[in-house]
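Participant: Generate coordinates for the sequence data below:
(one chain, ligands or ions: 2)
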Amino acid sequence: MSINWFPGHMHKARKEIAEVMPQVDIIIEMLDARIPFSSENPLVPQLRRGTPCIKVLNKADLADPALTARWVAHFDSQSGIKAIPISQQNPEQIRALLQLCNEMLPERNLDIRGARAMIMGIPNVGKSTLINTLAGRTIAKTGNEAGVTKMQQRIKLDNNVILTDTPGFLWPKLSPPTCGYRLAVTGAIKDTVFDYADIAMFAADYLLKAYPDAVMQRFGLTELPENDLALMDAIGQKRGAMRKGGIVDLEKAGSILITELRAGNLGPITLETPEMVSQEQIDAKAEEAAKAKEKAEREAERKRKAARKYR
Ligand SMILES: Nc1nc2c(ncn2[C@@H]2O[C@H](COP(=O)(O)OP(=O)(O)OP(=O)(O)O)[C@@H](O)[C@H]2O)c(=O)[nH]1
Ligand SMILES: [Mg+2]
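Facilitator: Ligands and ions are numbered 1, 2, ... in the order given. I've put the predicted structure just below:
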């Protein structure tokens, strides 16, 4: 099953961003450090054209530091782009972000002329929280659910910088399908669009391979479960999420796993690496090509049959 979420308000948010883009000096594109590829919106390059862009890997406190460093190097190798990890509890990283804005706009002396910055990113990634941190007061509404900011909001900072907060938006097709799953696992997708059992099985499969010790420790297991279902079963037993007859309640156990993973209770975890993502992209292309070929063959067969019928 694939997960997609692109309601009308996201289409509107994208249109409104395009309208104000000519007045923007620098874009702060906020990514989720736990899913740097899956949270990178493919619509941003079209929107930004040549505007300088800083990729901020936010929620770095929840991500695996070694993998965050690899992702930063990956983005830094792209032209016109600088990447920086931040977490909102770390003022030093926030200062480094401001410093980077300065460096990327050398012709604009920020102290004198100021700058116009726009913060863009997927839902629930922390855009409005950053605005509040930079402003030093609560100006923008925040909340731990997707879709809190409903419209653009401009905020003038003391140092002549104008910041624009924007509503989070995704894109029409979340591809490869793993991308939609990771966005759901980390909380960027409204939870009426997927079911917890489904995304928890996806997360369980990955966690068993990539973070087996963290899983065993969090759920008090002495042996590593064999597969995703066995892990869900173990969680169900440990946390009282069983149905009558001793069958695990997948929805309940799944929601426990996802809630604790999102909160960082399993320790710092990153859900994708640059290598994994390139392989998934190759696989998705091959699958699409195979599907297209199959469709073309079916169509050719249908035409042959029709031609025979009327001969
Ligand atoms: N652990 C952690 N949580 C963060 C960080 N930054 C933001 N959050 C939390 O993430 C949630 C979403 O924050 P918001 O600032 O509302 O996110 P947003 O990007 O404005 O979301 P939308 O307006 O829905 O697009 C809140 O619960 C924040 O407290 C961070 O660096 N680390
Ligand atoms: Mg917001």
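Participant: Could you pull up the residues touching the closest residue to residue 64 other than its chain neighbours?
Facilitator: Setting aside the residues directly before and after it, residue 64 is nearest to residue 270 in space (C-beta to C-beta, 6 or more residues apart in numbering), at 4.1 Å. Where C-beta positions appear, they are placed from N, C-alpha and C, glycine not excepted. Residues near residue 270 by C-beta atoms under 8 Å, 6 or more residues apart in numbering: 33, 34, 35, 63, 64, 67, 68, 71.
Participant: Once you drop chain neighbours, what's closest to residue 250?
Facilitator: Spatially, and ignoring its direct neighbours in sequence, residue 250 is nearest to residue 197 (3.7 Å; C-beta to C-beta, 6+ apart).
Participant: Quick check on residue 203: phi, psi?
Facilitator: When quoted as degrees, to the nearest 10, the phi and psi of residue 203 stand at phi -60, psi -40.
Participant: okay but it is in contact with residue 256, surely?
Facilitator: No. Residue 203 is beyond contact range of residue 256, at 11.4 Å (criterion: C-beta atoms under 8 Å).
Participant: Which one's more surrounded, those two?
Facilitator: Neighbour count, other C-beta atoms under 10 Å: between residue 203 and residue 256, residue 203 has more, with 25 against 20.
Participant: excluding its backbone neighbours, what's nearest the more buried one?
Facilitator: Spatial nearest neighbour of residue 203, excluding adjacent residues (C-beta to C-beta, 6+ apart): residue 185 at 5.1 Å.
Participant: backbone phi and psi for the one you found, please?
Facilitator: Dihedral pair for residue 185: phi -60, psi -40, per degrees, to the nearest 10.
Participant: nearest spatial neighbour of the closest residue to ligand 1 within the chain, skipping sequence neighbours?
Facilitator: Closest residue of the chain to ligand 1, C-beta to the nearest ligand atom: residue 168 (2.5 Å). By the measure of C-beta to C-beta, 6+ apart, the closest residue to residue 168 outside its immediate chain neighbours is residue 123, 3.2 Å from it.
Participant: Then residue 18?
Facilitator: Leaving aside its sequence neighbours, residue 18 sits nearest to residue 47 (C-beta to C-beta, 6+ apart; 5.7 Å).
Participant: packing partners for the helix or strand where that neighbour lies?
Facilitator: Using DSSP states H and E, residue 47 sits in helix 44-48. Helix 44-48 sits against helix 8-20, strand 26-32, with contacts defined as 3 or more C-beta pairs under 8 Å, 6 or more residues apart in numbering; DSSP states H and E.
Participant: Any chance you could list what contacts it?
Facilitator: Contact with helix 44-48 is made by 14, 17, 18, 21, 27, 29, 53, 120, as judged by C-beta under 8 Å, 6+ apart.
Participant: Serialize the residues you listed to CSV and add fields for neighbour count.
Facilitator: Conversion of the contacts of helix 44-48 to CSV gives the following (neighbours: other C-beta atoms under 10 Å):
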residue, neighbour count
14, 21
17, 22
18, 14
21, 15
27, 22
29, 25
53, 22
120, 27
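Participant: Looking at the residues you listed, spot the one nearest residue 152.
Facilitator: Closest approach to residue 152 among the contacts of helix 44-48 (C-beta to C-beta): residue 17, at 7.7 Å.
Participant: what sits against that closest one?
Facilitator: Here residue 17 is in contact with 47, 118, 120, 152, 166 (C-beta under 8 Å, 6+ apart).
Participant: List only buried entries from these.
Facilitator: With burial judged by 16 or more other C-beta atoms under 10 Å, the buried subset of the contacts of residue 17 is 47, 118, 120, 166.
Participant: okay, among those, which ones form the most distant pair?
Facilitator: So, these by C-beta to C-beta: farthest apart are 47 and 166, at 10.5 Å.
Participant: Pull up the overlap in contacts between the two.
Facilitator: The contact sets of residue 47 and residue 166 overlap at 17, 120 (C-beta under 8 Å, 6+ apart).
Participant: Please identify the buried residues of the helix holding residue 47?
Facilitator: Applying 16+ other C-beta under 10 Å to helix 44-48 flags 44, 47, 48 as buried.
Participant: What of stretch 159-179?
Facilitator: Buried residues in stretch 159-179, counted by 16+ other C-beta under 10 Å: 161-171, 174-179.
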